[in-house]
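Q: Generate a structure from the sequence data that follows.
(one chain, ligands or ions: 1)
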Amino acid sequence: MTAPAQPRRICLLGGGGFLGAHLVQALIERTPHRLVVIDTSFAKLESLPGGLGDRLRLRRADIRSPGVLVLAVGESDVLLSLTALCNPALYNTQPRAVIEASFSDLVPLVSLCTTQRRWLVHFSTCEVYGKTIPPAALSEESPMQLGPIDRERWTYACAKQLLERLIWARGAHDGLPFTIIRPFNVIGPRMDYMPGVDGEGTPRVLACFMHALLTGKPLQLVDGGRQRRSFCAVDDFVEAVLRVLERGDACRGEVINVGNPRNDVSIAELAKRLAELYVRRRGGERPLLEPVAARQLYGPGYDDVEQRVPDIRKAQRLLDWVPRLGLDEMLPPIVDDYLARYGEPRPAAPGR
Ligand code: UGA
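A: This next block holds a predicted model:
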């Protein structure tokens, strides 16, 4: 059994987002650490218990505002950096904002953590592997290949990869204590938003499909839905991150894939399974699945990844961790959560 963790001061930058909200909940329930959560919205944290006193402070702020990062680094032992614009529909429509959010805005954080010797746990992305060639079992040693410059899909991957390279350089040459985590298609309740209810545009695929089901529209399969992803349950992901935080000595200076290779599935198959579950819960007609051209859904400059399977041997070795939840176990609670949250379409709550 691992020794109980010493209380530490942990700051979650972007802790109000999908991954952040699940991490905050687990850190509060399962560790003695004190948390500062910095974000511009805390709507996803609504289910946290009140009365946590000093153990949880929510600070509504943009990390780009003067002084926010200086204060955060000064008062923390560990910083989890989760801020990002991580939605493919933005990569070719708001590329400058995506590059800034993934790289430029975070350069000061890397510098501050280096000079003050704070442990930076940075959440990168499996997108850094780029345009993978199937069969794609991607280890931390795999090469990274991006598409041409006019395929703006790769702005995010490129900016995230450059930040990883900066973090690595500051670690190798200037003593920055860091860990880079690469999540592979983590899904779960409270993911993204429902277009027209608490957000606008095209979210990631799970929210797109749930939106289609809830509004009675066809589920759109980009280029027929043959492309594959390995989906990881957010609970498995959170468990891996808690273990990283417990095992600083083993994890500092490391880049770690976190995902579930056993859940490699085509997007068409994902659509079919969600539609079946939805009908089982709600009744009604069988939802339609329809092919759509990538350009029609995302516009020019989009590109796709055919398959992306994580090699997680390093995570297994360092963390003594394996993902447990298969699609059969993870999808029903996700559908139930979307139904509970959005089953009756409601107007956006203030501040969302
Ligand atoms: C995502 C995002 O880049 C990041 O959030 C993240 O770093 C990473 O991958 C991840 O989730 O870990 P991608 O998997 O391509 O990239 O994003 P999704 O929007 O979830 O799309 C998955 C696949 O479904 C794509 O092939 C897309 O074309 C397809 N899709 C999406 C559909 O067929 N129909 C839709 O309505 C939406």
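Q: contacts and neighbour counts: CA atoms only from here.
A: OK.
Q: For the ligand, what's its nearest residue on the stretch 51-200 of the chain.
A: Taking CA to the nearest ligand atom as the measure, the point where the stretch 51-200 of the chain comes nearest the ligand is Asn185, at 3.2 Å.
Q: so how far is Asn263 from that residue?
A: 10 Å (CA to CA, to the nearest Å).
Q: So for the two, which residues contact both of them?
A: Shared contacts of Asn185 and Asn263 (CA atoms under 8 Å, 6 or more residues apart in numbering): 229-232.
Q: And Asn185 and Asn263? Which one has more around it.
A: Asn185 (23 against 19; other CA atoms under 10 Å).
Q: rewinding a little: in strands only, show me the shared contacts of Asn185 and Asn263.
A: Per DSSP state E, strands hold the following members of these: 229-230, 232.
Q: Tell me where the chain has helices.
A: Ranges of helices in the chain, per DSSP state H, are 18-30, 68-74, 88-91, 95-102, 107-115, 154-174, 205-215, 234-246, 248-251, 267-282, 294-298, 313-319, 327-342.
Q: Of those, flag the one that's most buried.
A: Most buried of the helices of the chain, by mean neighbour count (mean count of other CA atoms under 10 Å): helix 88-91, with a mean of 22.
Q: coming back round to it: need the ones in strands among the shared contacts of Asn185 and Asn263 in a markdown table with pLDDT and distance to Arg308, can you?
A: Formatted as a markdown table, these follow (pLDDT from 0 to 100; distance: CA to CA, whole Å):
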| residue | pLDDT | distance to Arg308 |
| --- | --- | --- |
| Arg229 | 98 | 5 |
| Ser230 | 98 | 6 |
| Cys232 | 98 | 12 |
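Q: any idea which of these is closest to Asp62?
A: Cys232 (28.8 Å; CA to CA).
Q: how much space is there between the closest one and Asn87?
A: 17 Å.
Q: what's the answer for Val37, then?
A: 22 Å.
Q: can you put the helices of the chain in JSON lines and add mean pLDDT and distance to Ile181?
A: Output for those, formatted as JSON lines (pLDDT from 0 to 100; distance: least, CA to CA, whole Å):
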{"stretch": "helix 18-30", "mean pLDDT": "95", "distance to Ile181": "12"}
{"stretch": "helix 68-74", "mean pLDDT": "98", "distance to Ile181": "19"}
{"stretch": "helix 88-91", "mean pLDDT": "97", "distance to Ile181": "19"}
{"stretch": "helix 95-102", "mean pLDDT": "98", "distance to Ile181": "14"}
{"stretch": "helix 107-115", "mean pLDDT": "98", "distance to Ile181": "15"}
{"stretch": "helix 154-174", "mean pLDDT": "98", "distance to Ile181": "10"}
{"stretch": "helix 205-215", "mean pLDDT": "96", "distance to Ile181": "22"}
{"stretch": "helix 234-246", "mean pLDDT": "98", "distance to Ile181": "8"}
{"stretch": "helix 248-251", "mean pLDDT": "97", "distance to Ile181": "10"}
{"stretch": "helix 267-282", "mean pLDDT": "97", "distance to Ile181": "24"}
{"stretch": "helix 294-298", "mean pLDDT": "96", "distance to Ile181": "27"}
{"stretch": "helix 313-319", "mean pLDDT": "98", "distance to Ile181": "10"}
{"stretch": "helix 327-342", "mean pLDDT": "96", "distance to Ile181": "22"}
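Q: Turn the shared contacts of Asn185 and Asn263 into a markdown table, including neighbour count and distance to Gly67.
A: Formatted as a markdown table, the shared contacts of Asn185 and Asn263 follow (neighbours: other CA atoms under 10 Å; distance: CA to CA, whole Å):
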| residue | neighbour count | distance to Gly67 |
| --- | --- | --- |
| Arg229 | 22 | 39 |
| Ser230 | 21 | 39 |
| Phe231 | 27 | 37 |
| Cys232 | 27 | 36 |
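Q: I'd like to know which of those is nearest to the ligand.
A: Nearest member of these to the ligand, counting by CA to the nearest ligand atom, is Arg229, at 6.4 Å.
Q: which strand residues sit across from that closest one in the sheet?
A: Assessed by DSSP bridges, Arg229 has beta-bridge partners Val265.
Q: show me the residues around it that make contact.
A: Taking CA under 8 Å, 6+ apart as the test, what Arg229 contacts is 185, 263-267, 307-309.
Q: And the residue nearest to Ser266 when sequence neighbours are not counted, how far from Gly175?
A: Spatial nearest neighbour of Ser266, excluding adjacent residues (CA to CA, 6 or more residues apart in numbering): Arg228 at 4.1 Å. Taking CA to CA as the measure, Arg228 falls 39 Å from Gly175.
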